[in-house]
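J.: what shape does this take:
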Amino acid sequence: MSGHSKWATIKRKKGDLDAKRGNAFTKIVRELIIAAKKGGGNVDSNSSLRTIVLKARSVNMPADNIKRAIQRGTGELEGVTYEEITYEGYGPGGVAVLVAASTDNKNRSSADIRTIFGKSGGNMGEAGCVSWMFKKKGLIVVPKANAKEDELMELVLDLGADDLQVMETEFDILTTPESFEKVKAGIDAKKIAYDSAEITMLPENYIKLTGNTAKAMLNLLENLEENDDVGHVYANFDISDEEMAKLQE
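T.: Below is the predicted model of the structure:
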C-alpha cells in the first residue's frame, strides 16, 4: 500500500475528518462546480459528477449545498469560477509529488503552493517534471473480510478490471478510468462493501522513507492537504507499518 494511503487511514483513525469538515466541504464544492461545468448537471449522464455527489453525501454535506454547487457549475447560479491546475515538485528524499488543485486565482495559488513546498523541505518544479511517473487509474479498496479472493477476482476481471492486487489486509482493484464505473457498479450489485473507490493517480514505483525524512514527507503532505485550493495530493513514497508506528509514538 502506498504511504499516502496509510496516512489517509491514520487521519481517519485520529478523527481529523470531523475536525476539518468545513475544509472538506470547501474542496468538494469546488469539485462539484468543476464537474458540472465540464459534463453538465445530470448525475445520470455525468459519471464524474455522480462520483463526487456520492463523496459529498458520505461526509453529510446538505443536499441544498450540493444542488447549489451543481447549479453554479452549470451557470444557473452566479458564483466564483474555478479552474483546475496541477502543480508538480519534489518532497524530502526526492519523493515525486503531484498536486491537483482548483483555484479562482492562479497567481495566489502558485505562490501558496510554492511556499508550502519550501517550508516543508521540498521544492516545486516545472510542469511535467514528475507527472510522467504517475498513471491515471481507478482504484477500489475492498477489505479482505468482505470478500473471498477467488470470487472477487473472477467478478472484477469479468467486469473489465485490469488487476486485483492482494495486500496485507485488503484487495486493491485496479481499472482504467473508462471501466471504473462499470466495475464499481458490479461490486455494488453484489453488495460487497469497500473502503474507498476513486479515480486516482498511481505512481509506477515508490521510494521507501524512514526516520526524519519520513516525518518531513508526512508534514509536507498534511500542509498541502490543508490548503483550500488543493483537492488531492499524490506522491510516490512508502513508509513501512513499523516505521509509521514509530512516528506516531
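
J.: residue ranges of each domain in this protein, please.
T.: Per automatic domain parsing, the structural domains of the chain span 3-74, 84-132+206-247, 133-203.

J.: by mean pLDDT, point me to the weakest helix or strand of the protein.
T.: The weakest-scoring helix or strand in the chain, judged by mean pLDDT, DSSP states H and E, is helix 16-19 (a mean of 50).

J.: send the alpha carbons of the following helix or strand past it over as CSV?
T.: Once helix 16-19 ends, the next helix or strand along the chain (criterion: DSSP states H and E) is helix 21-39. Taking Å, rounded to 0.1, in the frame of the first residue of the first chain, the C-alpha atoms of helix 21-39 are listed here in CSV:
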residue,chain,number,x,y,z
ARG,A,21,-15.3,19.0,7.8
GLY,A,22,-15.6,22.7,6.9
ASN,A,23,-12.4,22.3,4.9
ALA,A,24,-13.7,19.1,3.3
PHE,A,25,-16.9,20.8,2.2
THR,A,26,-15.0,23.7,0.6
LYS,A,27,-13.0,21.2,-1.5
ILE,A,28,-16.0,19.1,-2.5
VAL,A,29,-18.0,22.2,-3.5
ARG,A,30,-15.2,23.1,-6.0
GLU,A,31,-15.1,19.6,-7.4
LEU,A,32,-18.9,19.7,-7.9
ILE,A,33,-18.7,23.0,-9.7
ILE,A,34,-15.9,21.9,-12.0
ALA,A,35,-17.5,18.5,-12.8
ALA,A,36,-20.9,20.2,-13.6
LYS,A,37,-19.2,22.8,-15.7
LYS,A,38,-17.3,20.1,-17.7
GLY,A,39,-20.0,17.5,-18.1
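
J.: can you list the neighbours in contact with helix 21-39?
T.: Applying Cβ atoms under 8 Å, 6 or more residues apart in numbering, the contact partners of helix 21-39 are 17, 45-49, 52-53, 55-56, 59-61, 65-66, 69-75, 79, 82-84, 102, 226, 228, 230-231. From N, CA and C alone the C-beta is placed, and that goes for glycine too.

J.: show the buried residues in these.
T.: 46-49, 52-53, 55-56, 61, 66, 69-73, 82, 102, 230-231 (16 or more other Cβ atoms under 10 Å).

J.: of those residues, which belong to strands?
T.: Members of those lying in strands (criterion: DSSP state E): Ser102, Val230, Gly231.

J.: between those, which is closest to Met167?
T.: The closest of these to Met167 turns out to be Gly231 (Cβ to Cβ; 25.2 Å).

J.: and for Asn123, the neighbour number?
T.: Neighbour count of Asn123, defined by other Cβ atoms under 10 Å: 12.

J.: need the contact list for the residue nearest to Asn42 when sequence neighbours are not counted.
T.: Leaving aside its sequence neighbours, Asn42 sits nearest to Leu49 (Cβ to Cβ, 6 or more residues apart in numbering; 7.8 Å). Leu49 makes contact with Leu32, Ala35, Ala36, Gly39, Gly40, Gly41, Asn42, Val43, Ile70, according to Cβ under 8 Å, 6+ apart.

J.: any chance of those in JSON lines, with distance to Ala197 and pLDDT too?
T.: Formatted as JSON lines, the contacts of Leu49 follow (distance: Cβ to Cβ, whole Å; pLDDT from 0 to 100):
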{"residue": "Leu32", "distance to Ala197": "18", "pLDDT": "93"}
{"residue": "Ala35", "distance to Ala197": "16", "pLDDT": "92"}
{"residue": "Ala36", "distance to Ala197": "20", "pLDDT": "93"}
{"residue": "Gly39", "distance to Ala197": "19", "pLDDT": "92"}
{"residue": "Gly40", "distance to Ala197": "22", "pLDDT": "94"}
{"residue": "Gly41", "distance to Ala197": "22", "pLDDT": "94"}
{"residue": "Asn42", "distance to Ala197": "21", "pLDDT": "94"}
{"residue": "Val43", "distance to Ala197": "16", "pLDDT": "91"}
{"residue": "Ile70", "distance to Ala197": "21", "pLDDT": "94"}
